[in-house]
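Undergrad: okay, predicted coordinates and the sequence, questions at the end:
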Amino acid sequence: MARAIQQKVGTPQNSGEAVRPFGMRDKLGYLFGDFGNDFFFILVAAFLMVYYTDVYHLNPAAVGFLFLIARLWDAVADITWGRFIDSRKAGKNGKFRPWIFRMSFPLVITGVLMFVHIPGMSDGFYLAYAYVTYIIWGTLYSTVNIPYGSMASVITADPVERTALSSWRTLGGNLAGLIINVVGPMILFVDNKADANRFLLGAIIFGVLALACYMACYKLTVERIVMDETNKPKANFGKTVKGLGKNKPLIWFLISSLLFMICFMLISTVNVFLFKDYFTNAKALSMVGLLQSLAVFVGMPMVKPLVAKFGKKEVALGGLLLAALVYGVLYFLPNLTATQFIGILTVAMFGYGIFNLVIWAFVTDVIDYHEYLTGLREDGTVYSIYSMARKIGQAVAGGVGGAAIASVGYVAGAEAQTAETLSGIHTLATLVPAVALIVVFLMILFLYPLNKKRTEQLTADLAARRTANK
């Protein structure tokens with residue numbers, strides 16, 4: 001028998017308190033969750049490579065290999081934690097929210113420890129210290145991010161409200177990005193060079209802000225979709241795996257998301273070197289961060305009406321195509337000033353910002369499709385598989401990013417890079433994203449099946465099944 005799902009709104013829950021309807025508090029709470037996540041996620045994505053190369057003086061290829069190993073391990077941690085979460089029963093504060101509260105403290109502490117620099121140690125010590133702290137941080141990140149991402153599908157069952165949660169989540173991430181990318185370079189760099197003490201100061205500041213955001217997420221959100229444990233079938237891993245293998249929307253969403261994450265992380269890594277070395281203006285990264293966030297702020301009010309009219313898949317495709325075309329144009333304009341480059345780049349950031357505003361709503365759709373196929377409501381498992389794909393993307397991007405920077409002849413600690421190296425950095429920052437984004441566009445266009453019409457039918461079919469199984 002399929003697992004029965006109840007969305008209890010305005011009825012007693014656990015302690016007898018009425019459950020308030022979905023509203024702005026939930027949107028703000030969900031925003032704060034990714035706000036907290038991305039204080040460190042974006043800090044690590046954008047600046048950890050340059051911290052390791054310019055403060056620890058590690059070879060960029062060695063750093064890339066560390067990123068590869070750590071992210072592959074994180075992918076395993078995601079799946080393990082997702083299965084663990086799905087085996088837990090919901091308590092008085094829900095099934096997912098308590099884990100955000102419990103695990104955010106060790107996560108933030110470990111994040112700060114990543115940016116501790118002990119002067120005078122050997123290269124081997126710095127490399128070992130980087131491995132230990134970075135891998136522990138990534139593992140703890142899974143213990144917070146998996147319950148946070150899974151929670152969207154139990155806050156509400158309404159597709160439009162879920163799209164709103166996706167948009168607010170993206171807004172939260174972009175607010176963190178605004179602070180990290182705009183304020184970060186001002187804190188982290190002194191005279192255009194990475195400063196060890198400033199990096200530690202930045203990590204402490206962002207860590208305190210992250211904890212405050214996690215607590216706000218915990219306090220403001222409510223889990224409304226409550227599983228009926230009396231009708232819950234016995235866990236069957238074989239059935240889960242079989243269902244996942246038949247879930248075509250999930251499979252193609254994972255593949256396209258993996259490639260997009262590789263592209264996005266590569267952009268974040270290379271942009272630091274692009275502005276620091278190619279344009280000799282590291283602080284221009286602040287303007288990039290500001291305009292990236294503003295592009296999302298401009299796009300956010302457009303997303304809901306666009307999705308309502310055209311559908312999530314269709315809106316995402318438009319954003320991807322726009323971004324790919326702009327990066328292609330930038331490749332053929334190598335003599336732009338930093339200001340001119342940023343001006344054109346803003347259009348691309350608007351394009352993939354639109355994609356990011358709807359991407360998390362795709363996750364709730366593939367979770368629903370898994371339930372449709374198997375009768376099992378396994379939010380944590382399905383979300384952890386998506387998160388695993390993102391981690392693999394990060395792993396590949398970290399390895400490719402470090403190897404790519406090394407392959408164009410970048411010399412860590414050098415006063416200036418060669419002309420060939422600078423040209424290679426420009427290619428990595430423009431042509432490579434253009435090609436990757438076009439491939440993602442084609443995958444979603446031709447292979448991802450959940451367009452607007454099919455998503456609406458899926459929602460109706462599940463609602464009818466849940467009603468019949470009560």
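TA: Thanks, I have it.
Undergrad: quick one: contacts for Thr421?
TA: Residues in contact with Thr421 (C-beta atoms under 8 Å, 6 or more residues apart in numbering) are Asp277, Val408, Gly409, Tyr410, Val411. Any C-beta I mention is one placed from the backbone N, CA and C, and that applies to glycine too.
Undergrad: who touches stretch 107-123?
TA: Contacts for stretch 107-123 (C-beta under 8 Å, 6+ apart): 40, 44, 48, 51, 55-58, 125, 129-130, 133-134, 136-137, 140-141, 143-144, 196-197, 199-200, 202-204, 207-208, 210-211.
Undergrad: of the contacts of Thr421 - the most surrounded one?
TA: Neighbour count (other C-beta atoms under 10 Å) singles out Tyr410 as the most crowded of the contacts of Thr421, with 22 neighbours.
Undergrad: quick check: that one vs Gly402, distance?
TA: Remark: distance between Tyr410 and Gly402 (C-beta to C-beta, to the nearest Å) = 10 Å.
Undergrad: and for Arg390?
TA: 18 Å.
Undergrad: now Thr374
TA: In terms of C-beta to C-beta, Thr374 sits 40 Å off from Gly402.
Undergrad: how far out from the middle of the chain is stretch 168-182?
TA: 11 Å (C-alpha atoms, centre = their mean, to the nearest Å).
Undergrad: same check on stretch 409-423?
TA: 30 Å.
Undergrad: Ala77 touches Thr139, doesn't it?
TA: Yes - assessed by C-beta atoms under 8 Å, Ala77 is found in contact with Thr139 at 4.9 Å.
Undergrad: the two: which is more packed in?
TA: Ala77 (22 against 19).
Undergrad: picking that back up, report the buried members of the contacts of stretch 107-123.
TA: The neighbour count (16 or more other C-beta atoms under 10 Å) marks 40, 44, 48, 51, 55-56, 58, 129-130, 133-134, 136-137, 140-141, 143-144, 196, 199-200, 202-203, 207, 210-211 as buried among the contacts of stretch 107-123.
Undergrad: and Ala157, that's in a strand?
TA: No - applying DSSP: H, G, I helix; E, B strand; the rest coil, one finds Ala157 to be coil, outside a strand.
Undergrad: and it, how close does it get to Lys95?
TA: Taking C-beta to C-beta, one finds Ala157 at 15 Å from Lys95.
Undergrad: before we move on, what about Gly82?
TA: 12 Å.
Undergrad: for those two, indicate the residue with more neighbours.
TA: More neighbours surround Gly82 than the other of Gly82 and Lys95, with 26 against 22 (other C-beta under 10 Å).
Undergrad: low-confidence ranges, the chain, go.
TA: Scanning the chain for pLDDT under 70 picks out 1-18, 226-239, 394-395, 397-399, 466, 469-470.
Undergrad: now the spatially most central residue of it: how far from Ala130?
TA: Among the residues of the chain, the one closest to the centroid is Arg390, at 7.3 Å (C-alpha atoms, centre = their mean). Arg390 sits 21 Å away from Ala130, taking C-beta to C-beta as the criterion.
Undergrad: three-state assignment of Glu415?
TA: coil.
Undergrad: would you report the backbone torsion angles of Gly94?
TA: Main-chain dihedrals, Gly94, degrees, to the nearest 10: phi 100, psi -180.
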